[in-house]
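[1] need a 3D model of the sequence below.
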Amino acid sequence: MRASTIKYETLAGAPRAGSRLATSLTLAAMSLGYGVVQLDVTIVNTALDAMGKTLGGGVAELQWVVSAYTIAFAAFILTAGALGDRIGAKRIFMAGFAIFTAASLACALSPDAAVLIAARLVQGLAAAILVPNSLALLNHAYADDRERGRAVAVWAAGASLALTAGPFVGGALITLVSWRAIFLVNLPIGLAGLWLSWRYASETTRARSREIDLPGQIAAIGALGALAGAIIEGGSLGWSDPAVIAAFVASAALAVLFVWRESRTAQPMLPLSLFSHRLFTLTTIVGLLVNIAIYGLIFVLSLYFQRINGLSAWWTGLAFVPMMGAVLPVNLLAPRLAERIGSCPTIVIGACISALGCLGLLWIEAGTSYFAIFAQMIAISGGLGLLVPPLTSTLLGSVDKARSGIAAGVLNATRQTGSVLGVALFGSLVASDSAFMIGLHQSLIISAAVLLLAAAVIGLGSYAADDAKA
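    Predicted coordinates:
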C-alpha cells in the first residue's frame, strides 16, 4: 500500500490522514508556507525607501536588506530539502515556520541596518526550509499527476495572492504605523500554518541514510555570498576595485570547489546525476533566468516609483497591486493550458509575454504616467504567472518521488540564486541617482534578453529531446 493512502486518526474528531479534507487542509498549510515567503518579497520592496530614511544608508544597504534574505534562501535550500528527506518533511517544515515567525519579530525590532540584515538572513534560512518541504509534502499527498499539477497551481496561486497583497498591505501598514509593522503581519500567518501542518499533514517517509553535506554547504554559501557582494559593491566602489575583483575570484574558486565536492561525495547536497534528465536541467536553467529578470526588475521599479516619481509607500504599494494581481488568475489557468498544448510550450509563451512587457517599457522616463505603463506591467507579471506552475510540475515529474525534496530544493535554489543576481546586478546599474534612468533602461533590456533566452532554452531543448526520442 502506498504511504500516501494510509489512513489513520490524527486526533479525536480530526479528518483521517489521506482523506480528501485532510489533503485539502494540508494544501492550505503548504500554501501559507510558500505564501509567507513570497509576501516578504513584495512587502519589503514597498518599504525600502522608509527603511533607508529610518536606518540610513544608500542603495547598497537596501540591496543587502533584500539580498541577505535571498542569499540565505538560495544557499540553504538544498540542505533543507535533504533534511526533509532524512528527518521527515513535516517536522522540518514546522521548524521552518517557527524560525520564520521568530525572525520576523526580530526584523520588526531591529535597531539598525546591521541587525535588520542579520535577521533577514535568518528569515531566508527559514524560507529555504519552508519551500522545498512544502512541495515534498504536496508531492506526498497527491499521487495522481493531474491532481498534483492542480495542487501545485493552487500552491503557486496562494503565493501569488501574497505577492498581490504585499504591496497593498505593506503600503497601508507603513503609512498608518511604520515599516516595522510589515514584519509583524507574519506572526498570525506563522501560527496558523504551524497549527494546520501539525494537525492535518501526514509525514513523509524518512531516508535515514541521507547525510548532510556540510563542506558543500559552506562552499555554496561562500560562492553565492561573494558573487552577490561583488556585484552589489561593484556598483558603488567601481568594478576595478581590488575588493570587488577579489570577491569575484573567490566566488569562482568556491563555485569550482563546490562542483568538485559534489561530484566526489557519496551524499552530495546537489546530486549531479539529476542533471542527466534533460527536462530537469532545462527547468532549472529557466528558473534561474526568469528570476534574474523579474525580481531584479521589481527591485528597480520600487525605487523608480518612490525615488524618481516621488510616490509614497502607500501609492507605490497600490502601483504594484495590479501587476501582482495578474499572477493569481493566470496561475490557475496555466495547468489547464499545459494540459492542452504541453508544459514546455506554455512556459515558452509565458516567458515571451513577460519579455514583450519589458520591451514595452523601454520609453519610460521620470514622471511617466502610471497608466501609460500599466499594460506592460500586467504583461510582465502575467507571463510569470503562466510559466511557474508548469515549470514546477515538470521538474517534479522528471524525477522519482523519493527525490522530490532535493529536486524541489534544486529548482528553488536556482530561482533564488537568480533573484540574488537580479537584485545585485540591476541595483548596481541604478546605484547613482544621476544615472538612474539609464540604469533602468539597461535593466529592461537585460530582462527582455534573459527572458527570451529562457524561452529558447526550454523550447529548443524540449524539441531536441522529443526529436531524439522519435
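[2] can you map out the helices along the stretch 301-450 of the chain?
    For the stretch 301-450 of the chain, the helices defined by DSSP state H, counting those that start in this stretch occupy 313-325, 327-341, 343-359, 370-397, 404-429, 436-469.
[3] quick check: which of those is buried the most?
    helix 404-429 (a mean of 27; mean count of other C-beta atoms under 10 Å). Every C-beta, even on glycine, is put in place using the N, C-alpha and C of the backbone.
[4] gap between that one and the chain center?
    7 Å (C-alpha atoms, centre = their mean, to the nearest Å).
[5] nearest to V65, out of the helices of the stretch 301-450 of the chain?
    Among these, the nearest to V65 by C-beta to C-beta is helix 404-429 (10.0 Å).
[6] what packs against that closest one?
    helix 59-87, helix 113-141, helix 214-237, helix 278-303, helix 370-397, helix 436-469 (3 or more C-beta pairs under 8 Å, 6 or more residues apart in numbering; DSSP states H and E).
[7] could these be laid out in CSV, adding mean pLDDT?
    Below are the helices and strands packed on helix 404-429 laid out as CSV (pLDDT from 0 to 100):
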stretch, mean pLDDT
helix 59-87, 79
helix 113-141, 86
helix 214-237, 81
helix 278-303, 88
helix 370-397, 87
helix 436-469, 82
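[8] dump these to CSV, plus distance to L161.
    Formatted as CSV, the helices and strands packed on helix 404-429 follow (distance: least, C-beta to C-beta, whole Å):
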stretch, distance to L161
helix 59-87, 20
helix 113-141, 15
helix 214-237, 29
helix 278-303, 17
helix 370-397, 11
helix 436-469, 23
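[9] those helices: which one's closest to L21?
    Proximity to L21 (C-beta to C-beta) singles out helix 113-141 among these, at 11.9 Å.
[10] name the residues of that closest one that are buried.
    113, 116-117, 119-141 (16 or more other C-beta atoms under 10 Å).
[11] what's downstream of that helix, the next helix or strand?
    helix 145-176 (DSSP states H and E).
[12] okay, the angle between that following helix and helix 404-429?
    Inter-element angle recorded for helix 145-176 and helix 404-429: 40 degrees (by axes from the mean of the first three to the mean of the last three C-alpha atoms, to 10 degrees).
[13] for helix 145-176, packing partners?
    Where contact means 3+ C-beta pairs under 8 Å, 6+ apart, helix 145-176 is packed against helix 20-46, helix 113-141, helix 181-184, helix 313-325, helix 327-341, helix 370-397.
[14] what about it, average pLDDT?
    The average pLDDT for helix 145-176 rounds to 77.
[15] any idea how far it is from the middle of the chain?
    12 Å.
[16] how about L333, nearest residue that isn't a chain neighbour?
    L386 (7.3 Å; C-beta to C-beta, 6 or more residues apart in numbering).
[17] wait, what's in contact with the one you found?
    V330, L333, A334, L337, T346, I347, I349, G350, I353 (C-beta atoms under 8 Å, 6 or more residues apart in numbering).
[18] give me every residue that touches the fifth one.
    Contacts here follow C-beta under 8 Å, 6+ apart; on that basis T346 touches A334, L337, A338, L386, L387, P390.
[19] again, only using 10 Å
    Taking C-beta atoms under 10 Å, 6 or more residues apart in numbering as the criterion, T346 is in contact with 333-340, 386-387, 389-391, 394, 458.
[20] how much space is there between it and G360?
    Distance, T346 to G360, by C-beta to C-beta, to the nearest Å: 21 Å.
[21] for the last one, same thing?
    Taking C-beta to C-beta as the measure, I353 and G360 are separated by 11 Å.
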